[in-house]
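J.: Sequence and predicted structure below; questions after.
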Amino acid sequence: MCRIVVLFLFCLSFNSFGQQVSGIVTDDEGNLLRATMVFNMKTEQKSYTNSSGEFSIEANVRDELRFIRAGFERTSRIVNQYDLSNQLKVVIIRSAENIEEVKVPAVRLTGDLDKDTRNLAKLDKVAQLQREVGVPGPPEKPRETPPPTIERAGVLRYALSNLNFNNLYKNISGDARRMRTLYRYEDLQDHISWLRERIPDEYFIKMGIPEEKISEFLQFSIGVQPEITKGIEVKNLSKVLFLLEETFPIYIDKMSMKAKP
């Protein structure tokens, strides 16, 4: 009897650690996609595809893997027994855009902060005009709405929302928290991509930010200055540039402190 219990516990512990699931990610034309995030919704572990579009991540049967990349629709895959011993082949689809992209000539930087900020803010004009004439923006991401939190809904509404079995399960299992964490991460990456598409690297380098630290600086700035997110959401690049001027010295001081022995 003791041997049976030990064997059962061994199998249970082996199962709880998960197994390595590997695969390859491409677009719908068969192009290998690197730097695609693979996120395990149950364990909150994440991994990224390499330069050959390959990935490997710990997962168990019935775990949900989500594949996230800027400019592409989010794709999900539920792991089954077959996937544990065979390579996954995941295809993600490019996001559809309602508005044809307007090409803006590259901004030539002068080294004068005020002048460069005004020149970069010209990139704002197209989005502003589209808002004024009522041109629709790109489609919103298809997202499942997580259950409300007790902080936002209040005790009574939170309790009532849990009468819905689906909401109750998500709260108990932790799925609701994982969904909110994932959505925040997706939004952060989208905001960073939006800024990097509109502000040339040279601008940050002139302000003292190394090229390899630009995305980290933007993530830091969005974290310490919430108004930046509001500026991005309304496509107000002028406001964002103004707010970034406040975070440049804070981040540079932080880098200097780290560099000290």
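T.: Looks like it came in fine.
J.: only C-alpha atoms for contact and neighbour calcs from this point on.
T.: Fine.
J.: Quick one: name whatever helix or strand follows the helix or strand hosting Asp187.
T.: Per DSSP states H and E, Asp187 falls inside helix 175-198. Downstream of helix 175-198, the first helix or strand assigned by DSSP H and E is helix 201-206.
J.: Convert the C-alpha atoms of that following helix to PDB, please.
T.: The C-alpha trace of helix 201-206 is given here as PDB (Å, rounded to 0.1, in the frame of the first residue of the first chain):
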ATOM      1  CA  ASP A 201      16.100  56.300 -32.200                       C
ATOM      2  CA  GLU A 202      18.400  59.300 -32.800                       C
ATOM      3  CA  TYR A 203      16.100  61.500 -30.700                       C
ATOM      4  CA  PHE A 204      16.600  59.200 -27.700                       C
ATOM      5  CA  ILE A 205      20.300  58.800 -28.300                       C
ATOM      6  CA  LYS A 206      20.700  62.600 -28.300                       C
END
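J.: What's the first helix or strand after that helix?
T.: That would be, after helix 201-206 and using DSSP H and E, helix 214-224.
J.: Please compute how far that following helix lies from its chain's middle.
T.: Chain-centre distance of helix 214-224: 13 Å, with CA atoms, centre = their mean, to the nearest Å.
J.: quick one: contacts of it?
T.: 188, 192, 201, 204, 209, 228-229, 244, 247, 251 (CA atoms under 8 Å, 6 or more residues apart in numbering).
J.: how about it: buried residues?
T.: For helix 214-224, burial by neighbour count (16 or more other CA atoms under 10 Å) applies to 214-215, 217-218, 221-222.
J.: domain ranges for the protein?
T.: In terms of domains, the chain is parsed into 18-92, 113-139+174-259 (source: automatic domain parsing).
J.: Show me which of the contacts of helix 214-224 are buried.
T.: Buried residues within the contacts of helix 214-224, counting neighbours by 16+ other CA under 10 Å: 188, 192, 204, 209, 228-229, 244, 247, 251.
J.: now, the most widely separated pair of those?
T.: Farthest apart among these by CA to CA are Ile209 and Thr229. That separation is 20.3 Å.
J.: number of nearby residues for Tyr203?
T.: Tyr203 is flanked by 20 other residues according to other CA atoms under 10 Å.
J.: Same check on Asp28?
T.: Counted with other CA under 10 Å, the neighbours of Asp28 add up to 12.
J.: ok, it to Ile78 distance?
T.: Distance of Asp28 to Ile78, given as CA to CA, to the nearest Å: 20 Å.
J.: Next: Glu216.
T.: 32 Å.
J.: One more: Leu163?
T.: 27 Å.
J.: And these two? Which one has more around it.
T.: With neighbours defined as other CA under 10 Å, Leu163 and Ile78 compare such that Ile78 has more, 14 against 10.
J.: what sits against the more buried one?
T.: By CA under 8 Å, 6+ apart, the contact list for Ile78 reads 61-65.
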